[in-house]
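S.K.: got a predicted model here, sequence first, then my questions.
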Protein chains: 2
Amino acid sequence: MSEPDSRIAALLNGAPEDSVHARVVHTLAETGAMSAADLARTTGLARSTISTALTDLRKSGVVVSAQHEGAKGVGRPAQTLTLNPEAGTCIGIHLSIDSIGLVVADVSHSFVFEQTLHLRRDYAPAEALALLRDAVPQAYRRNGLPMSGLLGAGISVSGPVTPDGVILQASILPRWAGVNVREVFAPALGVPLFADNESNCAAMAEMMWGAAQGHSEFVLFKIDLGVGGAIVHGGRILTGAAGGAGEFGHMTVDPNGPLCRCGNRGCLERYAAFDEPLDQLSRVQGRRVTFPEAIRLARQGDVGAQRLIHDCAVAAGRGLASIGTVLNPPLILIGGKLALADELVLGPLIDTYERHTLIKAATVPQARRTRIRRGRFTDKDSLLGAVGLVLRGRGRL
Amino acid sequence: MSEPDSRIAALLNGAPEDSVHARVVHTLAETGAMSAADLARTTGLARSTISTALTDLRKSGVVVSAQHEGAKGVGRPAQTLTLNPEAGTCIGIHLSIDSIGLVVADVSHSFVFEQTLHLRRDYAPAEALALLRDAVPQAYRRNGLPMSGLLGAGISVSGPVTPDGVILQASILPRWAGVNVREVFAPALGVPLFADNESNCAAMAEMMWGAAQGHSEFVLFKIDLGVGGAIVHGGRILTGAAGGAGEFGHMTVDPNGPLCRCGNRGCLERYAAFDEPLDQLSRVQGRRVTFPEAIRLARQGDVGAQRLIHDCAVAAGRGLASIGTVLNPPLILIGGKLALADELVLGPLIDTYERHTLIKAATVPQARRTRIRRGRFTDKDSLLGAVGLVLRGRGRL
């Protein structure tokens, strides 16, 4: 391990309160790039204290100047600093239903590579482990990265996971129920592990690189084949007692409705997710229609495809209205593939939200309204966010 | 104003960060009574720093030893300190549907007196103001308290109120919609004002003096003639963008259900509150039945009364199940008058919660389960909590 590697590892794996150096390194790891003035503002430390630490951290190669595109305008632009991209990498792993996503980013927040590893549905922990044990070193070798620079791994799980890493029954990975992800991966990876459910990771990605940058209070509402979400308060993702906070897809819409994979009846997911509507559209069209195709058809005027998207949007808006009544958040981001339909989904979703939620936009001043916007990421958010767990030191197992 | 009065006012109305003295005074105001060792632990300051400040604060009469009942057992008990009860008072005001609650507490957390002022339904702000302008000085005079010791007033509103004090339309005080409580009361009272909605005040009371003491994460779910609640995270009450967080009673149960006072249809409140069921029971019994009577009838074996309570409990449990799915809180307190029915309501409510929520107790380890308990207060919580707003410096307008 080269010198900046080991220094950055020691500083990142310690607490930010340990020293001024640790505080600077943690802040840069969280935010990516920052000027010395912003570092002082964010940490609350004196400008001179920051300067002394930065001189030392630059000398030892932990911090470098960020390359930015030729700054135009008057005056000398403030120099932006990042952690040295050569000083360390983190990996993000997304345990999905029939595949595992793998991504590597360096500590300056640049994504170096990304890969999807395919498995059969209902794969067991041992299969995932065997695959990653080969794939990770191979990927590092192929991209000319030293494995010694690996600082930590973040794991994004398709289902609720307790703060100590146990995947709960409601997960869409049935063979992982009760499994502790730390016990599975720690021996093979040998680095600090971080884990959270995929929706919380998605919220992390929106917060770090997406539509929630600069927002510390928001709700992420994701609609895909399932419905999930996350609640961010004070810049932190709410986990809940057992890691179940933000599981919006399983709010009860109709206690006598159809059985859900979670074991309850009539969950929101059964009405707002687009798996079944897509089956119906496929039957009508006489061929398998994917969701991007459904959007294209809707834009071309196909009434059935328009109806599919509209019905999901209305069901989502109705569920979201109750979430709004419970939380009254200033910002709601719509994520997941349904958001690809843009105005086709956002229009009816917002109308339905306004119809059913308690605090309606028209009754409160502009600044106190709940804004509903599309998230930046409609997929890959959970994978990118898994890296974010490591960089922000959240969900450590 | 005597010396301790003015010193305590200056320290309490400043920021806790201003000085060690301010930190100690704010901490004692929040908690009531504490030993010097606990003060050091809570503030994170050195024991010696605390001692120096305490010597000075005791000399000037701001801090005194708490009178505690003869401590038994081995060893000298740690001395407990409070703010000097003679150094200042705060008032709590609860703006209810046809009455105003008024309570006075001193800074050592002792309640000095309490009063209910009756008005006609739908009273206007000017009527409330006229009443309080007389009642407050009268009450102080009658109880031998100097008005100069009044440090602040907390106002608990039956409905959502924005962080800057504007009562929103969904309030049960129709003539107060759009009114800023600061503008109404500040000129008459002339002291710092604090405001929040009644459920948030109730949560404050449970946190300071009730069943949530020592808990920083919990949900309060109140069932009375209406249904309300509050979400506490990190020891702070979530307000939401427009002060609407925790308005559980207006989650949509049935979008085609009966119209609600909030303007939506089929709100949870229409099923879980006991106003209409009580009308029905009264019709069956041929006389006006109050809720305490309904509980008594149920305990005596009256099937109709049992059914009333059971149905409310099931409707409440179903709504609460979705709140559990959204927030997965470690603790839920059931407040409001329905909680007076104790096991009659808690049994079916918890069964229904477990049936419909995502994370079921049986599937997670003991420590990660959501516990559902009765709150300590079933009424007066909103009024007591209004005083808590002042003592904790929350919701300042």
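M.R.: Okay, I see it. Residues are numbered from 1 along each chain as shown, chains lettered A, B, ... in the order given.
S.K.: kindly provide the whole-number mean pLDDT of the helix or strand harbouring A:M34.
M.R.: If you go by DSSP states H and E, A:M34 is part of strand A:33-35. The predicted model assigns strand A:33-35 a mean pLDDT of 88.
S.K.: what's that strand packed up against?
M.R.: strand A:80-83 (3 or more Cβ pairs under 8 Å, 6 or more residues apart in numbering or on different chains; DSSP states H and E). C-betas here are computed from N, CA, C, even on glycine.
S.K.: list the buried residues in the strand it packs on.
M.R.: Neighbour-count burial for strand A:80-83 flags A:T80, A:L81, A:T82, A:L83 (criterion: 16 or more other Cβ atoms under 10 Å in any protein chain shown).
S.K.: same question for stretch A:376-388.
M.R.: Quick answer for stretch A:376-388 (16+ other Cβ under 10 Å): A:376-388.
S.K.: same thing with stretch A:224-244?
M.R.: For stretch A:224-244, by 16+ other Cβ under 10 Å, it's A:224, A:226-233, A:237-244.
S.K.: touching chain B at all, it?
M.R.: Yes: applying Cβ under 8 Å from any Cβ of the partner chain, one finds stretch A:224-244 in contact with chain B at A:I231, A:H233, A:G234, A:L238, A:T239, A:G240, A:A241, A:A242, A:G243, A:G244.
S.K.: out of those, who's nearest A:A339?
M.R.: Distance ranking of the residues of stretch A:224-244 next to chain B against A:A339, using Cβ to Cβ, places A:I231 first at 18.1 Å.
S.K.: the closest one against A:G324, yeah?
M.R.: No: using Cβ atoms under 8 Å, A:I231 is not in contact with A:G324; the gap is 11.9 Å.
S.K.: pull the distance from stretch A:277-293 to the chain's centre.
M.R.: 29 Å (Cα atoms, centre = their mean, to the nearest Å).
S.K.: how about stretch A:136-143?
M.R.: With Cα atoms, centre = their mean, you get 24 Å for stretch A:136-143.
S.K.: so for it, what gets flagged as buried?
M.R.: Under the neighbour-count criterion of 16+ other Cβ under 10 Å, stretch A:136-143 has A:V136, A:A139, A:Y140 buried.
S.K.: thinking A:D275 is in contact with A:L225, fair?
M.R.: Yes: between A:D275 and A:L225 there is a contact at 4.5 Å, judged by Cβ under 8 Å.
S.K.: hmm, which two among the buried residues of stretch A:376-388 are most spread apart?
M.R.: Every pair of the buried residues of stretch A:376-388 checked by Cβ to Cβ; the farthest is A:T378 and A:V387, at 17.9 Å.
S.K.: mind listing the strands for the stretch 201-350 of chain A?
M.R.: A:218-223, A:227-233, A:236-237, A:331-335 (DSSP state E, counting those that start in this stretch).
S.K.: to A:M34, which of these lies closest?
M.R.: strand A:236-237 (19.8 Å).
S.K.: by mean pLDDT, flag the weakest helix or strand of chain A.
M.R.: Least confident helix or strand of chain A, by mean pLDDT, DSSP states H and E, is helix A:3-13 with a mean of 76.
S.K.: pull up the residues of the stretch 251-397 of chain A that are close to chain B.
M.R.: A:251-252, A:255, A:262, A:264, A:318, A:321-323, A:325-330, A:355-360, A:363-365, A:368-370.
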